[in-house]
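Colleague: Only the shape, not the letters, is given here:
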(Lines give C-alpha, C1' and ligand atoms only; values in the text may rest on other atoms or scores of the structure.)
Protein backbone atom coordinates (compact mmCIF):
# COMPACT_ATOMS: atom_id res chain seq x y z
CA UNK A 1 0.00 0.00 0.00
CA UNK A 2 2.99 2.32 0.32
CA UNK A 3 3.92 2.13 -3.36
CA UNK A 4 2.97 4.98 -5.71
CA UNK A 5 -0.50 4.37 -7.14
CA UNK A 6 -1.07 1.32 -4.94
CA UNK A 7 -0.59 -1.28 -7.71
CA UNK A 8 -3.05 -4.17 -7.82
CA UNK A 9 -0.46 -6.97 -7.73
CA UNK A 10 3.01 -6.66 -6.22
CA UNK A 11 5.81 -9.19 -6.58
CA UNK A 12 8.53 -7.88 -4.23
CA UNK A 13 11.01 -10.69 -4.92
CA UNK A 14 10.84 -9.91 -8.65
CA UNK A 15 10.59 -6.12 -8.20
CA UNK A 16 7.54 -6.16 -10.46
CA UNK A 17 4.04 -4.77 -10.18
CA UNK A 18 0.89 -5.20 -12.23
CA UNK A 19 -1.64 -2.41 -12.45
CA UNK A 20 -5.10 -3.28 -13.80
CA UNK A 21 -6.81 -0.20 -15.20
CA UNK A 22 -10.36 0.50 -16.28
CA UNK A 23 -10.46 1.82 -19.84
CA UNK A 24 -12.90 4.64 -19.08
CA UNK A 25 -11.42 5.91 -15.80
CA UNK A 26 -7.83 5.76 -17.02
CA UNK A 27 -8.59 6.73 -20.65
CA UNK A 28 -7.13 3.80 -22.58
CA UNK A 29 -6.36 5.50 -25.88
CA UNK A 30 -6.96 2.40 -28.02
CA UNK A 31 -10.35 1.55 -26.58
CA UNK A 32 -13.90 2.62 -27.43
CA UNK A 33 -14.66 2.69 -23.71
CA UNK A 34 -12.24 5.58 -23.20
CA UNK A 35 -14.60 8.23 -24.58
CA UNK A 36 -15.34 11.44 -22.72
CA UNK A 37 -19.04 11.71 -21.81
CA UNK A 38 -21.02 14.21 -23.85
CA UNK A 39 -22.68 15.73 -20.81
CA UNK A 40 -20.78 17.80 -18.23
CA UNK A 41 -17.66 17.87 -20.39
CA UNK A 42 -16.27 20.69 -18.22
CA UNK A 43 -16.24 18.20 -15.32
CA UNK A 44 -15.22 14.99 -17.06
CA UNK A 45 -12.39 16.18 -19.30
CA UNK A 46 -10.22 17.62 -16.46
CA UNK A 47 -11.09 14.70 -14.16
CA UNK A 48 -10.03 12.09 -16.69
CA UNK A 49 -6.91 14.08 -17.64
CA UNK A 50 -5.89 14.21 -13.96
CA UNK A 51 -6.30 10.43 -13.77
CA UNK A 52 -3.97 9.99 -16.76
CA UNK A 53 -1.43 12.43 -15.33
CA UNK A 54 -1.50 10.65 -11.98
CA UNK A 55 -1.04 7.27 -13.71
CA UNK A 56 1.98 8.59 -15.61
CA UNK A 57 3.50 10.06 -12.44
CA UNK A 58 2.97 6.83 -10.49
CA UNK A 59 4.46 4.77 -13.32
CA UNK A 60 7.56 6.98 -13.41
CA UNK A 61 7.94 6.90 -9.63
CA UNK A 62 7.66 3.12 -9.54
CA UNK A 63 10.33 2.77 -12.24
CA UNK A 64 12.57 5.25 -10.41
CA UNK A 65 12.26 3.04 -7.32
CA UNK A 66 13.44 0.05 -9.36
CA UNK A 67 10.08 -1.59 -10.05
CA UNK A 68 9.10 -2.97 -13.46
CA UNK A 69 5.48 -2.20 -14.27
CA UNK A 70 2.93 -4.00 -16.43
CA UNK A 71 -0.35 -2.25 -17.17
CA UNK A 72 -3.28 -4.54 -17.94
CA UNK A 73 -6.27 -2.79 -19.47
CA UNK A 74 -9.85 -3.80 -18.73
CA UNK A 75 -10.52 -4.50 -22.42
CA UNK A 76 -7.57 -6.94 -22.53
CA UNK A 77 -8.85 -9.18 -19.73
CA UNK A 78 -11.45 -11.17 -21.76
CA UNK A 79 -8.76 -12.51 -24.13
CA UNK A 80 -7.40 -15.04 -21.64
CA UNK A 81 -4.81 -16.57 -23.99
CA UNK A 82 -3.27 -13.20 -24.75
CA UNK A 83 -3.45 -12.14 -21.11
CA UNK A 84 -1.77 -15.35 -19.94
CA UNK A 85 1.02 -14.87 -22.50
CA UNK A 86 1.59 -11.26 -21.43
CA UNK A 87 1.63 -12.13 -17.72
CA UNK A 88 3.91 -15.13 -18.21
CA UNK A 89 6.35 -13.14 -20.31
CA UNK A 90 6.38 -10.24 -17.85
CA UNK A 91 6.90 -12.40 -14.79
CA UNK A 92 9.54 -14.63 -16.45
CA UNK A 93 11.88 -11.84 -17.57
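Modeller: The structure has been received and is ready for your questions. Here the structure is a predicted model, which means the values were calculated and not measured.

Colleague: And for the helix or strand harbouring residue 60, what's in contact with it?
Modeller: Under the criterion of DSSP states H and E, residue 60 resides in helix 41-64. With Cβ atoms under 8 Å, 6 or more residues apart in numbering as the test, helix 41-64 has contacts from 3-5, 7, 17, 19, 21, 25-27, 36-37, 69, 71. For every residue, glycine as well, the C-beta is placed using N, CA and C.

Colleague: Check the gap between residue 93 and residue 14 for me.
Modeller: 9 Å (Cβ to Cβ, to the nearest Å).

Colleague: oh, I was asking about residue 57
Modeller: 23 Å.

Colleague: now swap in residue 1 and tell me
Modeller: 18 Å.

Colleague: if we can go back for a sec, for residue 93 and residue 14, work out which one has more neighbours and name it.
Modeller: Ranked by neighbour count (other Cβ atoms under 10 Å), residue 93 and residue 14 place residue 14 first, with 13 against 8.

Colleague: Next, the contact list for that one, please.
Modeller: Residue 14 touches 68, 91, counting by Cβ under 8 Å, 6+ apart.

Colleague: again with residue 87
Modeller: By Cβ under 8 Å, 6+ apart, the contact list for residue 87 reads 18, 70, 72.

Colleague: at 10 Å instead, please
Modeller: With contacts defined as Cβ atoms under 10 Å, 6 or more residues apart in numbering, residue 87 is in contact with 9, 18, 70, 72.

Colleague: contacting residues for the last one?
Modeller: In this structure, residue 72 makes contact with 8-9, 18-21, 83, 86-87, 90, judged by Cβ under 10 Å, 6+ apart.

Colleague: Same check on residue 36?
Modeller: Residue 36 sits in contact with 24, 27, 44-45, 47-49, where contact means Cβ under 10 Å, 6+ apart.

Colleague: So what's the residue count around residue 33?
Modeller: 13.

Colleague: when you give positions from now on, start the count at 142
Modeller: Got it, the first residue is 142 from now on, which makes the last one we talked about residue 174.
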